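Chemist: no sequence for this one, just the structure:
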């Protein structure tokens, strides 16, 4: 399935100034609002090195909801896999594209439909802007250096707590997490839903009192308090230790809000996400994860425009039905297989999702549409 | 909602209005003679005390702090400070009488409209 | 097959449209590819992108298993889009583990007499296989759709959605009054004109309330406005931060009252006959009605189209460029600068009202333009392939507060 690689051999990645190395090298066309999504897509279509992150937000948002979308877009733009960004706005939205572009610490250009004088004009400006960023990106192609697991931030998430996930995927991923952490790398776990009914286990799950408080507080403030999602409902029926097996029970060292970037040096942090895989993958990209490992009993096949996603399942029906969309059958894979898959992906091997090329980019809301 | 245009440079939406809307970028000092239109504010001449941008409003008469601003012959806000005739009227000297969390209906609502009261527990 | 068959009949209110099996008339002939959850959105989009021009997808972010209280609304919108008479045939795409039953949606739409298919990614054998099977399904639906021909129809069979976005001071002074005039003409001809964006009634709801055709409608209207206002407070949000938006304010709108008074002008002057829930079926021959929706444009328009609106008339001061995958969106601006700067993305220059032309004349011309669009004339948004779609999701906290028993 994937080329054999020794964990000590590492991978060839893209060296970045002042950022961790990237495992991909894309120019992201980032619409700041839903209304500029089509223009952004049109730009990305005409620039081979570009990928696009269309989403449904940026309009009529205020307060914490707007802040969340904004910081998410900002940190996704700064993910190590991103060589440069073209921010595309409309001009009247609450999420100002110019201001967002000014905040980015990566090579950036900006255009807006109303300032450019129309959608055609904005597309032309955007293509020209992307073209300016492409030489930097191409130069990055030549800056390959050897890196190891220690240079990776691995994002892990499961989008359900089916028996197959808990009994097969969690232990398998947990063992992978162990290897990454032992090698000096970082891990970010995506999603609070499974922990939400277990706020009283915060102390047991975390490395110190401060983190325990942060986790407890985040779980208590969790927006879906009033109505349990199916994931939360099944999490309530599970022992927290079964859930924490996903990250090998490593005491959590930090608790990130959705869209925040990870700052821990090593070990496992968790980032809050209320949504399904698509929204959680974005949170992991924003946290700085270069690769995402996704455990799914349903077999959600979509990838992500900024981070390569490795799909795992422990459900035999899913592994059979979606054989071409699943990278690893957790029921038959060993830990070495997982590690090799991560390294191969980091080295450039395409994941199943990258082969079919379909991605989703979703951002979680923190408030209602007004 | 037809509006009465003055000098092709400003529009007053109803005779009872206390503000006009600029139809051009207007300079400070620009004068508008209000006679002959039947405006409730009177027949005087208003001189802009500052520039008023296209689409923005200026006062047709002095408006005291706490007074209601009228446009479309309806209340569009409340003055948060004293406003001179000819002064730019916008968010720096006007606030909404509505959409305040936990408060009641505001100046435009009919008190007998049978609306359900806002409940506690919000916020 | 193009929509170049633009004809107008002998009298003022006629146009030629596609008469569907259930008797309703479409103004476009679209094959709609509708994902049942976010996990199927990317497949739906790719199928539409790879097919001929009038195959359109309606991607969205709704989850595999939405909470029960939110599920009704999502199902209603998903089914309503397929049932819209602009849609010649529909393909529902699902992963296969959605809580919402794709077959039930397909059956509901099939009951209107149009061809419908369902594609399940898991059953097809994965993404690549689903793209192959989906392309074949799209081809079948496209073949059947080719047989449709425009026939004589008139305005009484139209449900026209009025929307405002990127508003500025010219919206309430020029564009919305002109649209309101056109809405009055449509209602007089027996059609239905619908406005939504409930938060943009705040400060003007007493005017709408006075126009309600019955006490019952009046109660429902005021209740809808009240709920939206309370909802914001419930989420700890001060409405004044969102309404008017920074863009609105730059354009001269100072308060929500001012914005709303300008906004309701697009509903004209006839009695308000009904208040319809988000995404639910809009009546034919219903006169002037309101659909309860958020102010967020893309969700608001999507809800009205799900309710059966065939045409959208969208006023904008600042220059919104959005469209909709299955309904033509006409952009009307009252701001001469916007019209000049963004001519190619605009359809109607209503700023003529500012320079002295009567609202009545501009409204009459707009009404005729609406009928031409109904008859096949492409809007700017269609020419630019602008098509935005989003479903309003009810956050769980809100569900709990609204007393959802589940």
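Modeler: All right, it came through fine. Just so it is clear, the model here is predicted, and its values are computed rather than measured.
Chemist: Every contact and neighbour count from this point should use C-alpha atoms.
Modeler: Fine.
Chemist: Now do the residue nearest the centre of chain B against residue C:248, distance only.
Modeler: In chain B, the C-alpha nearest the mean C-alpha coordinate belongs to residue B:69, at 3.9 Å (Cα atoms, centre = their mean). Using Cα to Cα, to the nearest Å, we find residue B:69 at a distance of 18 Å from residue C:248.
Chemist: try residue C:143
Modeler: Counting by Cα to Cα - residue C:143 and residue C:248 are separated by 45 Å.
Chemist: So for stretch C:49-66, mean pLDDT?
Modeler: In this model, stretch C:49-66 has a mean pLDDT of 92.
Chemist: again with stretch C:81-95
Modeler: Stretch C:81-95 comes out at a mean pLDDT of 98.
Chemist: Check stretch A:152-169 too.
Modeler: Average pLDDT, stretch A:152-169: 95.
Chemist: hmm, that stretch in reach of chain C?
Modeler: No - applying Cα under 8 Å from any Cα of the partner chain, one finds stretch A:152-169 separated from chain C by no less than 10.2 Å.
Chemist: what comes up buried for that stretch?
Modeler: Buried residues in stretch A:152-169, counted by 16 or more other Cα atoms under 10 Å in any protein chain shown: A:152-162, A:164-169.
Chemist: do the same with stretch B:77-88
Modeler: Under the neighbour-count criterion of 16+ other Cα under 10 Å, stretch B:77-88 has B:77-80, B:83-88 buried.
Chemist: if we can go back for a sec, quick one: which of residue C:143 and residue C:248 has more around it?
Modeler: A direct count of neighbours by other Cα atoms under 10 Å in any protein chain shown for residue C:143 and residue C:248 places residue C:248 higher, at 26 against 12.
Chemist: contacting residues around that one?
Modeler: A:92, C:166-169, C:254, C:318 (Cα atoms under 8 Å, 6 or more residues apart in numbering or on different chains).
Chemist: For my notes, confirm it occurs in a helix.
Modeler: Yes - the assignment for residue C:248 is a helix, going by DSSP: H, G, I helix; E, B strand; the rest coil.
Chemist: That one and residue C:197: what is the separation?
Modeler: Distance of residue C:248 to residue C:197, given as Cα to Cα: 15 Å.
Chemist: Kindly report the same for residue C:266.
Modeler: Distance, residue C:266 to residue C:197, by Cα to Cα: 12 Å.
Chemist: any common contacting residues for those two?
Modeler: Joint contacts of residue C:266 and residue C:197 (Cα under 8 Å, 6+ apart) are residue C:163.
Chemist: Pick out whichever of the two has more residues nearby.
Modeler: residue C:266 (30 against 27).
Chemist: so residue 262, which of the three states?
Modeler: In the absence of a named chain, chain A is used. Under three-state DSSP, residue A:262 comes out as coil.
Chemist: so how many other residues sit close to it?
Modeler: Residue A:262: 24 neighbours (other Cα under 10 Å).
Chemist: pLDDT wise, what is it at?
Modeler: Note on residue A:262: pLDDT of 97.
Chemist: Which elements pack onto the lengthiest strand in chain C?
Modeler: When chain C is parsed with DSSP state E, its longest strand is strand C:87-94. In terms of contacts (3 or more Cα pairs under 8 Å, 6 or more residues apart in numbering or on different chains; DSSP states H and E), strand C:87-94 is packed against strand C:30-35, helix C:41-50, helix C:68-83, helix C:102-110, strand C:116-120, helix C:127-145.
Chemist: So what touches the longest strand along chain B?
Modeler: Of all the segments of type strand in chain B, defined by DSSP E, the longest one is strand B:74-79. Contacts of strand B:74-79 with the rest of the structure, by Cα under 8 Å, 6+ apart, involve B:17, B:63-70, B:93-97, B:107-108, C:203, C:255-258.
Chemist: and the next element down the chain from the lowest-mean-pLDDT helix or strand in chain B?
Modeler: Using mean pLDDT, DSSP states H and E, the weakest-scoring helix or strand in chain B turns out to be strand B:4-6, at a mean of 93. Sequence-wise, the next helix or strand downstream of strand B:4-6 (DSSP states H and E) is strand B:10-12.
Chemist: what helices or strands is that next one leaning on?
Modeler: strand B:4-6, strand B:19-22.
Chemist: The shortest one: how far from the chain's middle?
Modeler: In this case it means strand B:4-6. In terms of Cα atoms, centre = their mean, to the nearest Å, the centre of strand B:4-6 is found 15 Å from the chain centre.
Chemist: how about the strands in the stretch 151-300 of chain A?
Modeler: A:153-158, A:186-190, A:254-256, A:267-271, A:291-295 (DSSP state E, counting those that start in this stretch).
Chemist: Now whatever residue of the stretch 201-350 of chain A ends up closest to chain C: phi and psi?
Modeler: Residue nearest to chain C within the stretch 201-350 of chain A: residue A:322 (4.5 Å; Cα to the nearest Cα). Residue A:322 adopts backbone torsions of phi -120, psi 40, taken as degrees, to the nearest 10.
Chemist: Name the residues of the stretch 251-370 of chain A found near chain C, please.
Modeler: A:275-276, A:278, A:298-302, A:318, A:321-325, A:356, A:358-360, A:362, A:367-370.
Chemist: Outline the domain layout of the chain.
Modeler: Let's take chain A. Domain ranges of chain A: A:14-144, A:147-356, per automatic domain parsing.
Chemist: Let me rephrase: I mean chain C.
Modeler: Structural domains assigned to chain C are C:30-147, C:153-383, following automatic domain parsing.
Chemist: tell me the most buried of those domains?
Modeler: domain C:153-383 (a mean of 24; mean count of other Cα atoms under 10 Å in any protein chain shown).
Chemist: Span of it from start to end?
Modeler: 24 Å.
Chemist: cool, and stretch B:71-83?
Modeler: End-to-end distance for stretch B:71-83, by Cα to Cα: 16 Å.
Chemist: same thing with stretch C:313-330?
Modeler: 5 Å.
Chemist: Tell me which residue of the stretch 1-150 of chain C lies closest to chain A.
Modeler: Closest to chain A within the stretch 1-150 of chain C is residue C:126: 4.5 Å, counting by Cα to the nearest Cα.
Chemist: shouldn't that residue be in contact with residue A:320?
Modeler: No - Residue C:126 lies out of contact with residue A:320 (Cα atoms under 8 Å); the separation is 9.5 Å.
Chemist: Determine whether the claim that residue C:209 is in a strand is correct.
Modeler: No - using three-state DSSP, the assignment for residue C:209 is helix, not a strand.
Chemist: check contacts around it.
Modeler: C:218, C:221-222.
Chemist: so the spatially closest residue to residue C:346 that is not a sequence neighbour bridges to which residues?
Modeler: In space, and not counting its chain neighbours, residue C:346 is closest to residue C:331: 5.1 Å by Cα to Cα, 6 or more residues apart in numbering or on different chains. Going by DSSP bridges, residue C:331 is paired in beta bridges with residue C:314.
Chemist: In a strand, residue A:20, correct?
Modeler: Yes - under three-state DSSP, residue A:20 sits within a strand.
Chemist: doesn't residue A:151 make contact with it?
Modeler: Yes - between residue A:20 and residue A:151 there is a contact under Cα under 8 Å: 6.8 Å.
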